[in-house]
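> Everything below, folded, please.
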Amino acid sequence: MQNSQPHAALLVSPGMGHLIPALELGKRMATHHGFHVTVFIVAEGHASTSLLKSPNNYPENLDVVLLPPVDISAIVGPDASLTVKMIFIMRQSLPLLRSEILTMKIRPTMLIVDIFGTEAFTIADEFGVLRYVFITSNAWLLALSVYSSAAAKEVTEEHVKKHKPLKIPGCKSIIRFEDTLDALQDPNDPLLQGFIALGGVISKADGILVNTWEDLETSTIQSFRDTKLLGQIVEAVYPIGPLVRWVGQGGSDHPVMDWLDKQPAKSVIYVSFGSGGTLSAKQMIELAWGLELSRQRFIWVVRPPSDHDASGSYFTIVQSIDVDSDYLPDGFLNRTRDVGFVVPMWAPQVDILSHPSVGGFLSHCGWNSTLESIMNGVPMVAWPLYAEQKMNAALLAEEIGVAIRPKQSPVGDGVVGREEVEKMVRKIMVEEEGRAMRKRAVELKYSGEKALSKGACSYNSLSQVAKECLQCLIGS
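Numbers count the residues shown, from 1 in each chain. Alright, predicted model coming up:
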């Protein structure tokens, strides 16, 4: 059974960084581009499931389907990396996706997957639907992926083994070895070959959607059109961002908002490491002292430390904790009571970043948080922890110009000392360099808003996808 309305199915991996942009993409496709949309979510006991308890005013032609959880304990050990866990969770969820599609009265015209869901292309082929990839991160990560596939020998020999910087044709910035993905830092890592193969799979999609926009990554986006990254020009790349939550979708009744209302404009730095990020016990102590020494107002979302896994909270359901515990310096809460607000586990990030009292964001540089910061005109202290966050930090600091980075990498066993924390916080909040970054962030905020408006670049990119799907539907 078919109709004249294109029907998009989105398969979403666990985690807020995937779920939030996918839901925003679904809403825009349904509201602005004439799609019926079904979002299939693999939510492996993650805190992101709380986002689904309220429909957030989903349009009538958008359906959300939560796939049953899968058990990977017999396949993957508890110490496996986050990436490995995600790969197997998605793989084990494919039969569930297939079963759901079989029960649909109107089959999808297209299947959109994120980078962990590309194995679902076999299901798309089975049902004869278009295959699209949604890069919930930036165009630089996409360029690295497709170039690693096209120039696998060079990437492996020069970058992975010899630690030389990687220059992707057409891209403005180089990727230093210390900023690269974890999978590209060890030639014996089994994820290396998987990442190299991923670029080839992505390149065979009918289209690639990216959560960015022309003005934010001009040279990288242009490189796909002008440079033969894959032996041919990659024309089917669609920058459709920024896809972020907007004010009112977070949770503005949180007590932190009342505290913010009493603070001067641009005086508060917000400190959060995303829905999954954790710090070591030693790093938490140094960060606490640095915030105190800076004498700046702050909001800090605190989680228990982990000395083994920076993504230790990724699959943890949000729960209450006692913040007055032995992982903060003695007396810290009392000494900072007048200038700081410590929030256990979770805070309404969008509402905080949009508040006029917030002037900076100390962030793990997840792309979702990055865009939320930029779209509220807030500069950043870039503090990457895992995944592509080191690359994001480099991009933000050295090309986009809205962030500063610590000299000592906080990734792995590195510890950023209290003195450097103090300097970075003061630099972003009260010094001239921070004011210049804030001005740049505000410029990009308006640029991003314009990109999504009717007739502008990101709007037109998604319109082109809709046109292609409609043509496929009519011709079928």
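> how long is stretch 345-365 end to end?
18 Å (C-alpha to C-alpha, to the nearest Å).
> Name the nearest residue to residue 25, ignoring sequence neighbours.
Excluding its sequence neighbours, the residue lying closest to residue 25 (C-beta to C-beta, 6 or more residues apart in numbering) is residue 243, at 5.4 Å. Yep, even glycine has a C-beta here, placed from its N, CA and C like the rest.
> ok, the one you found - contacts?
Residue 243 is in contact with 20-21, 24-25, 28, 211, 371, counting by C-beta atoms under 8 Å, 6 or more residues apart in numbering.
> pull the helix or strand with minimum mean pLDDT from the protein.
helix 457-475 (a mean of 89; mean pLDDT, DSSP states H and E).
> any idea which of the contacts of residue 243 is the one closest to residue 432?
Using C-beta to C-beta, residue 371 comes nearest to residue 432 of the contacts of residue 243, at 25.5 Å.
> Relative to residue 306, how far out is the closest one?
26 Å (C-beta to C-beta, to the nearest Å).
> So between these two, which is more surrounded?
With neighbours defined as other C-beta atoms under 10 Å, residue 371 and residue 306 compare such that residue 371 has more, 26 against 16.
> That one: what's it in contact with?
Residue 371 neighbours (C-beta under 8 Å, 6+ apart): 211, 241-244, 448.
> What pLDDT is listed against residue 310?
On the pLDDT scale, residue 310 is placed at 62.
> Kindly report the same for the one 3 residues further on.
Per-residue confidence at residue 313 stands at 55 (pLDDT).
> try residue 277
For residue 277, the predicted pLDDT is 84.
> separation between residue 358 and residue 84?
With C-beta to C-beta as the criterion, residue 358 and residue 84 are 36 Å apart.
> So which of the two has more stuff around it?
Each of residue 358 and residue 84 has its neighbours counted (other C-beta under 10 Å); residue 358 has more, 24 against 17.
> What values do phi and psi take at that one?
Taking degrees, to the nearest 10, you get phi -90, psi 130 for the backbone angles of residue 358.
> these two touch, right, residue 61 and residue 37?
Yes - taking C-beta atoms under 8 Å as the definition, residue 61 is a contact partner of residue 37 at 6.7 Å.
> The two: who's more crowded?
When residue 61 and residue 37 are compared for neighbours, residue 37 comes out ahead with 27 against 16, by other C-beta under 10 Å.
> What is the helix or strand containing the more buried one packed up against?
Element membership for residue 37, per DSSP states H and E: strand 36-42. On a contact count with 3 or more C-beta pairs under 8 Å, 6 or more residues apart in numbering; DSSP states H and E, strand 36-42 meets strand 7-12, helix 16-32, strand 62-67, helix 82-103.
> Contacts for the last one next, please.
Residues outside helix 82-103 that contact it (C-beta under 8 Å, 6+ apart): 9, 11, 13-15, 40, 42, 44, 65, 67-68, 70-72, 75-76, 107-108, 116-117, 119-120, 122-123, 126-127, 182-183, 191, 194, 276, 309, 311, 314-315, 386-387.
> From residue 155, how far off is residue 187?
The value you get for residue 187 to residue 155, if C-beta to C-beta is used, is 11 Å.
> Neighbour count: the two, which is higher?
Comparing residue 187 with residue 155 by other C-beta under 10 Å, the one with more neighbours is residue 155, at 24 against 11.
> wait, what's in contact with the more buried one?
147-148, 166, 184, 196.
> low pLDDT regions in the stretch 251-400 of the chain?
In the predicted model of the stretch 251-400 of the chain, residues 251-252, 308-325 satisfy pLDDT under 70.
> What ranges does it have for its strands?
268-272, 297-302, 340-344, 358-363, 380-382 (DSSP state E, counting those that start in this stretch).
> Would you mind putting those into JSON lines with distance to residue 433 alongside?
Output for these, formatted as JSON lines (distance: least, C-beta to C-beta, whole Å):
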{"stretch": "strand 268-272", "distance to residue 433": "14"}
{"stretch": "strand 297-302", "distance to residue 433": "19"}
{"stretch": "strand 340-344", "distance to residue 433": "23"}
{"stretch": "strand 358-363", "distance to residue 433": "12"}
{"stretch": "strand 380-382", "distance to residue 433": "12"}
